[in-house]
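J.: Return atomic coordinates for the entry below.
(chains A and B)
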Amino acid sequence: GENVEQHPSTLSVQEGDSAVIKCTYSDSASNYFPWYKQELGKGPQLIIDIRSNVGEKKDQRIAVTLNKTAKHFSLHITETQPEDSAVYFCAAGNYGGSQGNLIFGKGTKLSVKP
Amino acid sequence: SAVISQKPSRDICQRGTSLTIQCQVDSQVTMMFWYRQQPGQSLTLIATANQGSEATYESGFVIDKFPISRPNLTFSTLTVSNMSPEDSSIYLCSVETGPDQPQHFGDGTRLSIL
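T.: Residues are numbered from 1 along each chain as shown, chains lettered A, B, ... in the order given. This next block holds a predicted model:
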């Protein structure tokens, strides 16, 4: 079955710097890759997702890149702010019908220092 | 996106007892799921809650331990039965509002077993 590896497990940056979180997946059939942000005491919140028919997607300060050949995808946050501090999870699944079979990475705790 | 409400938000229970967690959505959704997030860990899918029929459980999870109901398109319950300290986790409900739509999560139920 699918396996998702996520690195790093913790990341500390200065406010205004960029942050990059990387994930690799094992199942070449996976074609849907969402990213979730989880703040303390809250459930995971979808921040961006990408399908395998595109290589990059941007939404303001957040971007995701996908390399299908290498089976890895990355989250890029630019101009980080203290409110970006949270745990970020990547996931892999199959787009087309239900994404119920999402497999999650172990998470990255991002700390943005003012 | 849909508003997902989980009750209770947290509870402390005695071992050997059972607790039922409710998930209510403010609009009809096609899919509802239950996840477990152990302390400091990633998310693991317990089961897909099927409307009007038995839930579909993932490997390692059984109906006797985690009975699930979904009587309609906006509501589901997860019961954690005969609890032990190892069941201390966050239990999360997620939904898909339609085919090929992302999953969105509720804020979870934080469960501690003494």
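J.: Excluding chain neighbours, give the residue nearest to the residue in chain A that chain B sits nearest to in space.
T.: Going by CB to the nearest CB, chain B is nearest to A:Gly43 of chain A, at 3.8 Å. For glycine as for every other residue, the C-beta is placed from the backbone atoms N, C-alpha and C. Closest residue in space to A:Gly43, ignoring its immediate chain neighbours: B:Phe105 at 3.8 Å, by CB to CB, 6 or more residues apart in numbering or on different chains.
J.: Tell me the bridge partners for the one you found.
T.: B:Ser94 (DSSP bridges).
J.: cool, A:Thr65 as well?
T.: A:Glu56, A:Ser74.
J.: For it, list the residues it contacts.
T.: Each residue near A:Thr65 by CB atoms under 8 Å, 6 or more residues apart in numbering or on different chains is listed here: A:55-56, A:73-74, A:76.
J.: Below-threshold pLDDT in chain A: ranges please.
T.: A:96-100 (pLDDT under 70).
J.: could you pull out the helices for it?
T.: Applying DSSP state H to chain A gives no helices.
J.: likewise chain B?
T.: Counting by DSSP H, chain B contains no helices.
J.: Quickly note the distance from the residue in chain B positioned nearest to chain A to B:Cys93.
T.: Closest residue of chain B to chain A, CB to the nearest CB: B:Phe105 (3.8 Å). Per CB to CB, to the nearest Å, B:Phe105 is found 7 Å from B:Cys93.
J.: what sits in contact with each of the two?
T.: Between them, B:Phe105 and B:Cys93 share the contacting residues B:4, B:35, judged by CB under 8 Å, 6+ apart.
J.: neighbour count winner among those two?
T.: Higher neighbour count among B:Phe105 and B:Cys93: B:Cys93, with 27 against 22, using other CB atoms under 10 Å in any protein chain shown.
J.: Once you drop chain neighbours, what's closest to that one?
T.: That would be B:Cys23: by CB to CB, 6+ apart, it lies 3.4 Å from B:Cys93.
J.: burial measure for the one you found, as a count.
T.: Around B:Cys23 there are 26 residues (other CB under 10 Å).
J.: got it, and B:Gln28?
T.: 13.
J.: Let me see the contact set for it.
T.: B:73-74.
J.: Okay, and the beta partners of the spatially most central residue of chain B?
T.: In chain B, the residue lying closest to the centroid (CA atoms, centre = their mean) is B:Trp34, at 3.4 Å. When assigned by DSSP bridges, B:Trp34 has beta-bridge partners B:Ala47, B:Cys93.
J.: so it sits right up against B:Ser76, yeah?
T.: Yes. B:Trp34 lies in contact with B:Ser76 (CB atoms under 8 Å); the separation is 7.5 Å.
J.: Need the overlap of contacts for those two.
T.: Joint contacts of B:Trp34 and B:Ser76 (CB under 8 Å, 6+ apart) are B:23, B:49, B:68, B:93.
J.: Show the residue spans covered by the strands in the chain.
T.: By default, I'm working from chain A. Using DSSP state E, the strands of chain A run over A:4-7, A:10-14, A:19-25, A:32-38, A:45-51, A:56-59, A:62-67, A:72-77, A:86-92, A:103-104, A:108-113.
J.: nope, chain B please
T.: B:4-7, B:10-13, B:19-25, B:31-37, B:43-49, B:56-57, B:68-72, B:75-80, B:89-96, B:103-105, B:109-113.
J.: Pairing partners for the second one, with directions?
T.: Strand B:10-13 has its sheet partners listed here by DSSP bridges as strand B:109-113 (parallel).
J.: List the buried residues of the strand it pairs with.
T.: B:109-111, B:113 (16 or more other CB atoms under 10 Å in any protein chain shown).
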